[in-house]
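Engineer: below are the sequence and a predicted model; questions follow.
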Amino acid sequence: MFDPLLHQPVRSKLLSLLIANDELPFKALKESLSVTDGNLSSHLSKLEKEEYVLIEKLFEGKRPKTVVHITLKGREAFALYIEELRKFIEEN
Amino acid sequence: MSEKDEVLRQISEIKHHLVDKESFFPYNYNACHVWSVIAVVLTFLMIPSYENSVTFGTTVVTSLVLIGFVIEGVLTKKVNESYDIDDCTRRQAFIMKNFIMISLFAIVFSAILAMMKLYILIFILWLFLISLGYFAISFVLNVKAYEKIAMFNVLSSVALLSYGAYFGLLESRGTFLSVVQGVVILGLAVLPTLVALQQQKIEKSDKACGV
């Protein structure tokens, strides 16, 4: 019934943060969500596969940096998910 | 947990991130402590400095405010680096610009008031203007306590101004001046420090709980 990709606590929090900030560095997401690197990477790959987020890997001098952006598809899917949650509460 | 409970929990989590916290905002509350110290030092140094000469007084005030901005900048840069954020976020820039504009206006206006030896008005002016900054902070950081401080300071400045004007005390160097200085220290140093300490405590416990 709900989008299985979004109906999961970490991923829904992750998208909420990205919607409020447009983009966030991997490190900031990790701190905000209190998850491990591996855990976050796994959630991000799932979202990236569905094109809900865009992961940009860049270098700052010699230091690698990963920035996560939310895509239009991700925003639309999240809006739809919120609508589904609202409908469910109304009907139950 | 029933499906309905689960959905309600999801909604509450999303609301928490989208509405309550609004967005990710790293902030180093030690900057608040620095500003509190500067406020106390300025409260005691302002009159002797302006009495030496208005130029000297203005230099002292400007230098202390500049020191505050430099320290705040360094602390912000440090906290941002720990999150891989370059420069500063839009909200951090908003707060900084807000306070820079307030300070510039207050420094110029204070110099004019110092020429007329209206020192009490200088304190009231700073109390009022900095409070406008606190309103902005309370909105950006979503910390209601800063709004309460701002309200307290605005009301205090209006009350002190009215009382001083009504009783002809605005040029006083006696008890009324000490009362005004006391309110400034309370409103711009003690209360913000207490709020910052509280916020640091919340941040620590949030981290410990993994929120």
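Structural biologist: All right, it came through fine.

Engineer: now the helices for the chain?
Structural biologist: Using chain A. Assigned by DSSP state H, the helices in chain A fall at A:9-21, A:26-33, A:37-49, A:72-91.

Engineer: actually chain B
Structural biologist: Going by DSSP H, chain B shows helices at B:3-15, B:30-52, B:54-81, B:90-115, B:119-141, B:144-166, B:175-185, B:191-209.

Engineer: the shortest one - what's its average pLDDT?
Structural biologist: Per-residue pLDDT over helix B:175-185 has a mean of 96.

Engineer: how about that helix: buried residues?
Structural biologist: B:176, B:177, B:179, B:180, B:181, B:183, B:184, B:185 (16 or more other Cβ atoms under 10 Å in any protein chain shown). The C-beta positions use only the backbone N, C-alpha and C, and glycine is treated the same way.

Engineer: related to what we said a few turns ago, so which of the helices of chain B is the most packed in?
Structural biologist: Comparing the helices of chain B by mean neighbour count (mean count of other Cβ atoms under 10 Å in any protein chain shown), helix B:119-141 comes out on top with a mean of 21.

Engineer: pull the distance from it to the chain's centre.
Structural biologist: Relative to its chain's centre, helix B:119-141 lies at 7 Å (Cα atoms, centre = their mean, to the nearest Å).

Engineer: near chain A at all, that helix?
Structural biologist: No - residues of helix B:119-141 contacting chain A under Cβ under 8 Å from any Cβ of the partner chain: none, with a closest distance of 12.8 Å.

Engineer: same for that helix, what does it pack against?
Structural biologist: helix B:30-52, helix B:90-115, helix B:144-166, helix B:175-185 (3 or more Cβ pairs under 8 Å, 6 or more residues apart in numbering or on different chains; DSSP states H and E).

Engineer: thinking again about what came up before, of the helices of chain B, which is nearest residue A:13?
Structural biologist: Nearest to residue A:13 among the helices of chain B is helix B:3-15 (5.8 Å), distances taken as Cβ to Cβ.

Engineer: tilt between the closest one and helix A:9-21?
Structural biologist: Counting by axes from the mean of the first three to the mean of the last three Cα atoms, to 10 degrees, helix B:3-15 lies at 30 degrees to helix A:9-21.

Engineer: counting contacts, what elements does helix B:3-15 pack onto?
Structural biologist: helix A:9-21, helix A:72-91.

Engineer: contacts only, for residue B:75.
Structural biologist: B:28, B:30, B:31, B:34 (Cβ atoms under 8 Å, 6 or more residues apart in numbering or on different chains).
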